[in-house]
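Colleague: this one's structure only:
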């Protein structure tokens, strides 16, 4: 398929591999024809369904996602300052327009999605502070989501 200006395809951590359209139909709450461009994740589906069904989350249950109601209805921005992806021996962490990609034994790659030709230039050498920042965010995320025995 054609991912337009985005580099990559399914199975890759470039935007062409992780950007997927989402279609929501809920005529009782949403008028048709709305188009939004915010970043959301599959983790947002559960909190959205709970919210729209009026189900209160049990005490002590923490969900990673957020309800999409305000985003869809009011075109507000999503609350994701940082997003993470991981599968196989690869991972990516994105903060704002910067994304750090790790793929097994291959060198890290720091890319920017706001550039005219997005994700084509590796900024690893010229943005060491951002590399370190995103590596720390990734390590903290791994610690948070890894089950303890």
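Modeller: Perfect, I can see it now. Model, not experiment: these values are computed from the prediction. Numbers count the residues shown, from 1 in each chain.
Colleague: tell me the bridge partners for residue 92.
Modeller: Beta bridges link residue 92 to residue 85, residue 101 when assigned by DSSP bridges.
Colleague: who's in contact with it?
Modeller: Counting by CB atoms under 8 Å, 6 or more residues apart in numbering, residue 92 makes contact with 13, 18, 84, 85, 86, 99, 100, 101, 102. (C-beta placed from N, C-alpha, C; glycine too.)
Colleague: so how far is residue 37 from the third one?
Modeller: Residue 84 is 20 Å from residue 37, where distance means CB to CB, to the nearest Å.
Colleague: my guess is residue 16 meets residue 2, correct?
Modeller: No. The criterion here is CB atoms under 8 Å, and residue 16 misses it with residue 2 at 9.0 Å.
Colleague: SS state for the residue lying closest to residue 97 once chain neighbours are set aside?
Modeller: Leaving aside its sequence neighbours, residue 97 sits nearest to residue 114 (CB to CB, 6 or more residues apart in numbering; 3.9 Å). Counting by DSSP: H, G, I helix; E, B strand; the rest coil, the backbone at residue 114 sits in coil.
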